Every structure is written in structure tokens, then in C-alpha cells.
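Enquirer: Below are the sequence and a predicted model; questions follow.
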Amino acid sequence: MNNRLCQIHPSFQFNGKSYSKAEFLVLAESFLNSEEDYKAQFGKFILEWFDTNDFIRLTTSGTTGKPKEIQLLKEAMLNSALATSEFFNLTESCKALHCLPTQYIAGKMMLVRALVCGWELDVVPPSSHPLDGNEKAYDFAAMVPLQVENSVDKLKRVKQTIIGGAKLNPILADKLKQLPVLVYETYGMTETITHIAAKKVQEEAFSILPGIAIHKDERDCLVIDAPRLSEELIVTNDVIDLVSENQFIWLGRHDNVINSGGIKLFPEKIEEKLASKISNRFFVIGKSDETLGEKLILVIEGEPFELPESTFENLDKYEKPREILFVSKFVETETGKIKRKKSIP
């Protein structure tokens, strides 16, 4: 096993205090019986990271299929941490905020990065307002869109923030673009050990991290070659435009693409255009149609209401919904992602 997996970087700090490995394991043990779930999850992962196995077990989110348990090599997680540190130029003693649940890969990786790169890590309970009651300045933080939405006025205290877990809506992206700090959208999944690419908010193309190679398959879907993270090629269901050997534009999920009368429609791109027009949660999806094969329908969460004509003014001819459906409550994964097909009655 790589020696760095068994060690704590000498510059590492946890909530303002330095720890030897033995001291950190004692802290982890003390967390296990905490009434605060986030501490118990932290303790569990710390002990798992330093055990004799060369892997950790975790469960995928289940956004597009059934959640499944997978094993990730600790060596690969270390390599991912180093790639992130290099891409964002994060040196030892970087002041980082940890505000994500540790039972999921994004939360685990924030701790791993701090341990192996020597960061000064402040850990707060995961909440939708992670910067409330905290006036400190940070070099780096990772958040989900809801946390960012609730922290826009405070994000100027974080030099670099990465956002993952869900698509960023254009209204929020526009607010973030005005900030005097760097905010990035990331691309990744559990199998790639969080992000393998990032882009500044409102830029179009993602740039890949060090040690990654990409190409397209016959479906125009992204294929990731990341030997330091995975022994096998990672074939995704994400349709992309390949800009260069290290940049791509994400178009949408292959399993969401709607073929309407021979025209390929990407729901995610249509939803971007509608984001500023509909305040309720919504999505678009294909529905079987005798004439078109599939017709585009708009599904809105909540009680029925009338949409103004201007709602669809930014859409192309074929992007306009042929039916509008209201659903009282969307079906979600554990991490809050909408299960589109299961949300339709």
C-alpha cells in the first residue's frame, strides 16, 4: 500500500488543531457515538481510510438506475486528490471548508485531499447555509447548488468554490459570474471519484484534470481514460461535443435524448432556456407519440397554473412542449436528484 495512504501530512489541521495519526484515530472513535450524524459519518470514514483494506465501499447515487455498491481503491482516491490540488493550484496549508455529507464521495474526498495535501480543514455540519455564522476566509470549498444559492452574498470570502451534484441553473450562474472570486462547475461521478473536469461558471467547455484522457464513442458519448483512477475505461451516457483533446461541451444524457420526428432534442439544454421562466421545479421528457415517435412534454411540480405565452419565446420551433403535465411531488434519489421517468404518473 502507498505509504502516503497510511500517513497524515504534517501541515494537516482539523478544525484548527494538528493531529498525529494516533490522535486522529482516537478522535474518530469518539465521533462514532455522537448524536450528530455528520460526526458519526466522519468517524466511520476516518477509521475506514486508515484500516488495512486497500479500498473503500460506497453506493452510487442511483440517478439514472438502481443504486449499486462499488469499491474504490484508496490509491485512486489519493491520485484524484493530487489531481484536484494541481488543477486548482492548492498548496499545503490551504484553508478549506468542508460542508458536505461524508457518506457520499464528494464529502469523503474533501477529507482525503486535506489529509494527503496538508490542508487546514474546517468541518461544519452539512446544511443549506454552510457559511452562516462563520466569518472566516477560505481558499477552497466544495458545495452543491442549493448551498451556493444560499451563500451568494458570502462566497466572496472563498477564493475558489467548486459546485457539483446537480446542474447549475442559469439565473444562479449569472449571479456567480459577477463575484470577484472563482466559481467552477464540475463534471464527474462516483465511479470517477468526484470530478474529472471543471469549467468556470458560464464558460461552455469543461477542461479535464491532469492524468485524464477523453474521447467519444459511436453514440457521441464521453469515454474517460483515467488510469490513475480506474483500471478500465469509463463509458458514460453523457452526449458531448469534443472541443479538443482536453476540452468538451456537455449536451445532455443519452438516456434523456428525445427523438421527435427525427429531430434530436436535449432536455437539459431546453431546461436551461426555461429556467428563468418557470419558478417551480420542472423537467422536459419524451412521451410516446404515434406520429412523431416521441413528443416533448413539460412536467411541472405543484398545483396546475397557467403559463404566459412568453414562457416559450426563447425556444426553437422543435423545442416547444406539445403537452404540459403537473405533478404534485417529484420522485427523488437520496441525494435529491429528480427521477424523471418515475415522477410521471
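Expert: Sure thing, it's come through.
Enquirer: going forward, measure contacts between C-alpha atoms and count neighbours the same way
Expert: Fine.
Enquirer: hang on, Ser310 is in a strand, isn't it?
Expert: No. In this structure, Ser310 is helix, not part of a strand, as judged by DSSP: H, G, I helix; E, B strand; the rest coil.
Enquirer: Now do Phe266: how many residues are near it, please.
Expert: If you count neighbours by other Cα atoms under 10 Å, Phe266 ends up with 21.
Enquirer: Could you double-check that it lies in contact with Ser260?
Expert: No. Look at Phe266 against Ser260 with Cα atoms under 8 Å: they stay out of range, at 10.7 Å.
Enquirer: how long is stretch 146-161 end to end?
Expert: Here the two ends of stretch 146-161 are set 13 Å apart, with distance taken as Cα to Cα, to the nearest Å.
Enquirer: quick one: contacts of the lengthiest strand in the chain?
Expert: In the chain, taking DSSP state E as the definition, the longest strand is strand 234-244. Residues outside strand 234-244 that contact it (Cα atoms under 8 Å, 6 or more residues apart in numbering): 191-192, 205, 215-216, 219-226, 248-255.
Enquirer: Can you flag which of the residues you listed belong to strands?
Expert: Judged by DSSP E, the contacts of strand 234-244 include 215-216, 221-225, 248-253 as members of strands.
Enquirer: Isn't Leu131 up against Ser151?
Expert: Yes. In this structure Leu131 lies within contact range of Ser151 using Cα under 8 Å: 6.5 Å.
Enquirer: So those two - more neighbours on which side?
Expert: Shown here are Leu131 and Ser151; by other Cα under 10 Å, Leu131 has more neighbours (22 against 17).
Enquirer: sorry, back to before: how about the ones in strands among the contacts of strand 234-244 in a markdown table, adding neighbour count?
Expert: Shown next, in a markdown table, are these (neighbours: other Cα atoms under 10 Å):
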| residue | neighbour count |
| --- | --- |
| His215 | 19 |
| Lys216 | 18 |
| Cys221 | 22 |
| Leu222 | 23 |
| Val223 | 19 |
| Ile224 | 20 |
| Asp225 | 19 |
| Phe248 | 23 |
| Ile249 | 18 |
| Trp250 | 19 |
| Leu251 | 18 |
| Gly252 | 18 |
| Arg253 | 17 |
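Enquirer: got CSV for those, with distance to Gly43 too?
Expert: Conversion of those to CSV gives the following (distance: Cα to Cα, whole Å):
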residue, distance to Gly43
His215, 39
Lys216, 40
Cys221, 38
Leu222, 36
Val223, 35
Ile224, 32
Asp225, 33
Phe248, 38
Ile249, 38
Trp250, 36
Leu251, 39
Gly252, 37
Arg253, 36
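Enquirer: From Asp241, how far out is Lys154?
Expert: Lys154 is 34 Å from Asp241, by Cα to Cα.
Enquirer: Leu176 and Asp316, how far apart?
Expert: Applying Cα to Cα, the value for Leu176 to Asp316 is 27 Å.
Enquirer: Which one of those two is surrounded by more residues?
Expert: More neighbours surround Leu176 than the other of Leu176 and Asp316, with 23 against 10 (other Cα under 10 Å).
Enquirer: quick one: what helix or strand has Ala40 in it?
Expert: helix 37-49 (DSSP states H and E).
Enquirer: what helices or strands is the helix or strand following that helix leaning on?
Expert: The C-terminal neighbour of helix 37-49 among helices and strands, as given by DSSP H and E, is strand 55-59. Under the contact criterion of 3 or more Cα pairs under 8 Å, 6 or more residues apart in numbering; DSSP states H and E, strand 55-59 touches strand 69-73, helix 74-87.
Enquirer: May I have the longest one as CSV, with CA atoms only?
Expert: Right, the one you point to is helix 74-87. Taking Å, rounded to 0.1, in the frame of the first residue of the first chain, the C-alpha atoms of helix 74-87 are listed here in CSV:
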residue,chain,number,x,y,z
LYS,A,74,-7.6,4.2,-1.9
GLU,A,75,-4.7,4.7,-4.2
ALA,A,76,-7.1,6.0,-6.9
MET,A,77,-8.7,8.4,-4.3
LEU,A,78,-5.2,9.7,-3.4
ASN,A,79,-4.4,10.3,-7.1
SER,A,80,-7.7,12.1,-7.5
ALA,A,81,-6.9,14.3,-4.5
LEU,A,82,-3.5,15.2,-6.0
ALA,A,83,-5.0,16.0,-9.4
THR,A,84,-7.5,18.4,-7.9
SER,A,85,-4.8,20.1,-5.9
GLU,A,86,-2.7,20.5,-9.1
PHE,A,87,-5.6,21.7,-11.3
